[in-house]
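1. Pasted the sequence and its predicted model underneath.
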Amino acid sequence: MPNLKGRIALVTGASRGIGAATARALDAAGAEVILVGRHIETLVEVGSTLIHPSQTVVADLAEPDSAEQIVEACGHVDILVNNAAVAARMATTSVTGEVIDRLLDVNVRNLLLLIKGLVPSMIAAGGGSIINVSSVSGIVGTPNRAAYAASKGAVDAMTRSLAMEFGSKGIRVNSVAPGVIDTELWAKNKAIGGVEQQINTLIPLGRWGSPAEVADVIVFLAGDAARYVTAQTIHVDGGMGNTMDLYGGAV
Ligand SMILES: NC(=O)c1ccc[n+]([C@@H]2O[C@H](COP(=O)([O-])OP(=O)(O)OC[C@H]3O[C@@H](n4cnc5c(N)ncnc54)[C@H](OP(=O)(O)O)[C@@H]3O)[C@@H](O)[C@H]2O)c1
């Protein structure tokens with residue numbers, strides 16, 4: 001377990017799923033966590049499960065000035081986890097400019113502006129760790145997710161560029177690419193008969209991941225055990241992003 005005592009960590013999308021699990025794991029490692037999301041009640045609920053003092057910041061990352069608002073509310077952070085995102089599974093023949101704009105605003109534009117706002121105090125403090133949550137959809141083709149895939153591919157590309165820009169200032173920038181993780185994001189599809197089992201067959205480890213399994217990797221990247229790790233995208237997907245069953249199970 002990394003020792004994050006004395007560090008301040010900000011997690012966007014901390015109200016549920018991977019974000020809430022990450023907030024809990026960072027807290028268990030000793031960090032003080034700032035929880036960001038759109039609804040105070042759910043953030044306070046997650047905060048009440050933490051050991052260390054936490055702070056909540058209500059912000060909608062779809063709003064143009066949300067990054068400034070968050071920076072103003074929280075000041076300095078040592079660890080930034082950009083986890084909040086909008087997902088859209090939709091045929092490209094049905095996609096609208098509005099949907100694309102929303103995906104890019106939340107997943108790309110305001111993520112980068114939040115980094116812009118928080119990096120100066122990390123530099124002043126001598127360094128920090130930024131972890132962006134991307135997706136298997138940014139790495140391999142996944143069906144009906146062109147706009148979402150574009151936003152997540154952008155997250156991985158930004159991660160590498162930012163790692164170069166801020167490496168000499170002691171700031172490491174990495175991304176974590178989850179595969180199929182059992183959260184609300186998947187609730188509707190999981191309810192369709194046979195979907196869970198069919199997806200299991202695509203995953204070398206044979207099962208969906210849990211939010212805590214992604215959070216553990218984020219905590220590793222946040223801490224000193226990863227002090228020589230930057231510009232990486234770590235797949236947390238049970239192996240699905242690097243493999244395929246070429247023969248459909250026939251041989
Ligand atoms: N689950 C998967 O299988 C999977 C796979 C690949 C990648 N990912 C990525 O992992 C991350 C977390 O996914 P998840 O499955 O934990 O999702 P989730 O359960 O749907 O949670 C999404 C979180 O983001 C917050 N959020 C959404 N829109 C927001 C906005 N406009 N402003 C501020 N906060 C916002 C939500 O908070 P409120 O609604 O309370 O504001 C919530 O805390 C995302 O980046 C997602 O793309 C997930």
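-> Done, it's in.

2. show me the contacts for whichever residue of the chain sits closest to the ligand.
-> Distance from the ligand to each residue of the chain (C-beta to the nearest ligand atom) is smallest for Gly17, at 2.3 Å. Just so you know, the C-beta spots here come from the backbone N, C-alpha and C atoms, and that holds for glycine as well. Contacts for Gly17 (C-beta atoms under 8 Å, 6 or more residues apart in numbering) come out as Ile181, Thr183, Glu184, Leu185, Pro211.

3. Might you specify the subset of those residues located within helices?
-> Pro211 (DSSP state H).

4. Selection in ChimeraX covering whichever of the contacts of Gly17 are buried, please.
-> Those of the contacts of Gly17 that count as buried under 16 or more other C-beta atoms under 10 Å are selected in ChimeraX with:
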select :181,183,185,211
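
5. Need the contacts of Gly17 in TSV (columns: distance to Gln55 and pLDDT).
-> Formatted as TSV, the contacts of Gly17 follow (distance: C-beta to C-beta, whole Å; pLDDT from 0 to 100):
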residue	distance to Gln55	pLDDT
Ile181	26	98
Thr183	23	98
Glu184	24	96
Leu185	25	95
Pro211	21	98
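
6. could I get the contacts of Gly17 as JSON lines with distance to Arg227?
-> Listed next are the contacts of Gly17 as JSON lines, based on distance: C-beta to C-beta, whole Å:
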{"residue": "Ile181", "distance to Arg227": "27"}
{"residue": "Thr183", "distance to Arg227": "30"}
{"residue": "Glu184", "distance to Arg227": "34"}
{"residue": "Leu185", "distance to Arg227": "32"}
{"residue": "Pro211", "distance to Arg227": "25"}
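
7. Extract the C-alpha set from whatever helix or strand Met164 lives in and format it as PDB.
-> For Met164, the host element (DSSP states H and E) is helix 146-166. Output of helix 146-166 as PDB, limited to C-alpha atoms (Å, rounded to 0.1, in the frame of the first residue of the first chain):
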ATOM      1  CA  ALA A 146     -16.700   6.700 -32.700                       C
ATOM      2  CA  ALA A 147     -17.200  10.000 -30.800                       C
ATOM      3  CA  TYR A 148     -16.500   8.500 -27.400                       C
ATOM      4  CA  ALA A 149     -13.400   6.700 -28.900                       C
ATOM      5  CA  ALA A 150     -12.200  10.000 -30.300                       C
ATOM      6  CA  SER A 151     -12.400  11.600 -26.900                       C
ATOM      7  CA  LYS A 152     -10.600   8.800 -25.100                       C
ATOM      8  CA  GLY A 153      -7.900   8.500 -27.800                       C
ATOM      9  CA  ALA A 154      -7.400  12.300 -27.300                       C
ATOM     10  CA  VAL A 155      -6.900  11.700 -23.500                       C
ATOM     11  CA  ASP A 156      -4.100   9.200 -24.200                       C
ATOM     12  CA  ALA A 157      -2.500  11.500 -26.700                       C
ATOM     13  CA  MET A 158      -2.700  14.500 -24.300                       C
ATOM     14  CA  THR A 159      -1.200  12.300 -21.600                       C
ATOM     15  CA  ARG A 160       2.000  11.700 -23.600                       C
ATOM     16  CA  SER A 161       2.400  15.300 -24.600                       C
ATOM     17  CA  LEU A 162       1.800  16.600 -21.100                       C
ATOM     18  CA  ALA A 163       4.300  14.100 -19.700                       C
ATOM     19  CA  MET A 164       7.000  15.600 -22.000                       C
ATOM     20  CA  GLU A 165       6.000  19.200 -21.100                       C
ATOM     21  CA  PHE A 166       6.000  18.800 -17.400                       C
END
